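Q: Below are the sequence and a predicted model; questions follow.
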Amino acid sequence: MKKCRITVMRMAEYSDLSDRYENPIEHACEMRLGQVFIANGWERPEGMCLSAWESMSPFVMTLAHGGGNFYNGWMKNPKSAMISCNDGFRPVSFLIEAMEEDAEETRN
């Protein structure tokens with residue numbers, strides 16, 4: 001099974017929506033732009049938001065098992081996916097990429 005690199009690519013905030021509909025939340029999102037996580041298949045990386053993981057885990061599992069080419073050519077790199085978390089007030093976009101096996105891992 002391949003590892004997957006998950007990179008925080010963009011963070012948005014819709015304060016007009018949160019002001020109107022959301023109860024105040026302390027520490028609503030702990031992600032940082034450029035933050036990188038490494039996933040081992042089904043296992044959620046330490047520090048990864050549970051809600052974000054639930055949105056992306058099917059794509060991570062597919063890439064970890066050698067799949068890809070989602071939606072028949074959606075991504076330029078068929079071994080990747082751009083997925084956003086399901087927070088409608090503060091969506092975070094993540095680039096998920098299948099990692100090539102390390103030569104050291106291949107020898108063992």
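A: That came in fine, so what should we check first? Numbers count the residues shown, from 1 in each chain.
Q: Okay, and the beta partners of the residue nearest to the spatial centre of the chain?
A: Among the residues of the chain, the one closest to the centroid is residue 94, at 4.2 Å (C-alpha atoms, centre = their mean). Per DSSP bridges, the residues bridged to residue 94 are residue 8, residue 83.
Q: buried stuff in the longest helix seen in the chain?
A: Ranked by residue count under DSSP state H, the longest helix found in the chain is helix 50-64. For helix 50-64, the neighbour count (16 or more other C-beta atoms under 10 Å) marks 52-53, 55-57, 59-60, 62-64 as buried. C-beta coordinates here come from the backbone N, C-alpha and C atoms, glycine included.
Q: Among these, which one sits closest to residue 11?
A: residue 52 (11.2 Å; C-beta to C-beta).
Q: The closest one is in contact with residue 31, isn't it?
A: Yes. Contact criterion C-beta atoms under 8 Å: residue 52 and residue 31 qualify, at 7.4 Å.
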